[in-house]
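>>> Coordinates for the following, if possible.
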Amino acid sequence: MITPQQSLRITRGLYRIGVRLCPGAREPELRHHRVYLQKPIAGQSEIVLEGETAHYLLRVLRLRTGAKFTVFDGTGGEYVATMLSAAKDRIAIRLEQFKDIETESDLQLVLGQGVARGERMDQVLQKATELGVAVIAPLTTDHTVVRLNAKRAASRHEHWQKIIISACEQCGRNRLPQLLPLQSIDEFLTDLPDATVRLMLQPGVSDTLASLSRPDPAKTVVLLIGPEGGLGDREQEVAQLQNFVPVSLGPRVLRTETATLASIAILQSLWGDIA
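A predicted model of the protein is given here:
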């Protein structure tokens, strides 16, 4: 998976090659940059950024004094910012204009996702964020291959959070989806609010997502998807006891990362904001 930083380096690298091969070539205009700030920014006019964020702006994006970009803190809306000064991994910015831009879906979708291996889980988190999921719950299941102790789980949670932030920067979301701590599927199933529509992806069943009736808009939709190999028989039985409805995506068996992306897109198309 190519990160925004890697994409930027590739674009600039191709430009430099073009300059050498074709003198006079102009550098293509790059997209307007959006940057997430972990500190609250509402009500402030000037902010000092240090550490990793400043390094990213100066060394990766290569922005200079006077550059304009967008910042957001994940709580809604965004600001146009101007870089006032820059030193080694320390910059000052001025917040010039607040834009009350809301890109969240009316569909409150909670994704319970069995932890997949390696980049597959990264892809799930990235695409779920882009498609407007409100809450993401990584789950250990009977078929989960990746087993994490407390230290590794904390490290993986931090990595997943960075994936989500990067996806929000790219797709224009100004609110970060909530990433729950890693938990077992049994813990997840016993700690759900009552006012929810509960769906479980299960290949081979006759009911499909498209055949479902539209739920009350006030209700949250919970979507449960297993890792590689799907959910085990025991887990399916427990989920159905918790009023989860088994649904499928049709006659073909999809990889977990494909199934998650397709399911969210279908639900957003049926009940959300994807036309």
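>>> ranges for the strands of the protein?
Secondary structure of the chain (DSSP state E): strands located at 34-36, 46-50, 68-72, 78-87, 90-99, 109-114, 135-140, 178-179, 183-184, 196-201, 220-225, 245-247.
>>> Export those strands as a markdown table, with columns for distance to residue 121.
Quick note: C-beta positions are derived from backbone N, CA and C, even for glycine. Conversion of those to a markdown table gives the following (distance: least, CB to CB, whole Å):
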| stretch | distance to residue 121 |
| --- | --- |
| strand 34-36 | 21 |
| strand 46-50 | 30 |
| strand 68-72 | 25 |
| strand 78-87 | 28 |
| strand 90-99 | 33 |
| strand 109-114 | 8 |
| strand 135-140 | 7 |
| strand 178-179 | 12 |
| strand 183-184 | 15 |
| strand 196-201 | 16 |
| strand 220-225 | 12 |
| strand 245-247 | 22 |
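>>> any chance you could map the helices in the stretch 151-275 of the chain?
Secondary structure of the stretch 151-275 of the chain (DSSP state H, counting those that start in this stretch): helices located at 185-189, 233-241, 256-271.
>>> Just put the ones you listed in a markdown table and tack on distance to residue 84, mean pLDDT and mean neighbour count.
Formatted as a markdown table, the helices of the stretch 151-275 of the chain follow (distance: least, CB to CB, whole Å; pLDDT from 0 to 100; neighbours: other CB atoms under 10 Å):
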| stretch | distance to residue 84 | mean pLDDT | mean neighbour count |
| --- | --- | --- | --- |
| helix 185-189 | 46 | 96 | 19 |
| helix 233-241 | 54 | 96 | 15 |
| helix 256-271 | 40 | 96 | 20 |
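>>> Please identify which of those helices is closest to residue 48.
Residue 48 sits nearest to helix 256-271 of all the helices of the stretch 151-275 of the chain, at 38.0 Å, using CB to CB.
>>> Output that closest one as CSV, nothing but the C-alphas.
Extracted in CSV, the C-alpha atoms of helix 256-271 (Å, rounded to 0.1, in the frame of the first residue of the first chain):
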residue,chain,number,x,y,z
THR,A,256,-12.1,-10.4,3.7
GLU,A,257,-10.7,-7.0,2.6
THR,A,258,-12.9,-7.1,-0.6
ALA,A,259,-16.0,-8.2,1.3
THR,A,260,-15.6,-5.4,3.8
LEU,A,261,-15.2,-2.8,1.1
ALA,A,262,-18.1,-4.1,-0.9
SER,A,263,-20.4,-4.4,2.1
ILE,A,264,-19.8,-0.9,3.3
ALA,A,265,-20.2,0.6,-0.2
ILE,A,266,-23.5,-1.3,-0.7
LEU,A,267,-24.9,-0.1,2.7
GLN,A,268,-23.8,3.5,2.0
SER,A,269,-25.5,3.3,-1.4
LEU,A,270,-28.7,1.8,0.1
TRP,A,271,-29.0,3.9,3.3
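>>> Residue 72 contacts residue 34, doesn't it?
Yes. Applying CB atoms under 8 Å as the test, residue 72 and residue 34 come out as touching, 6.9 Å apart.
>>> which residues are in contact with stretch 177-197?
Stretch 177-197 has contacts (CB atoms under 8 Å, 6 or more residues apart in numbering) with 110, 112, 114-115, 125, 128-129, 133-142, 148, 153, 156-157, 160-161, 164, 198, 215, 218-222, 224, 231, 235, 238-239, 242, 244.
>>> Now, of the residues you listed, which are buried?
110, 112, 114-115, 125, 128-129, 133-142, 148, 153, 156-157, 160, 164, 198, 215, 220-222, 224, 231, 235, 238-239, 244 (16 or more other CB atoms under 10 Å).
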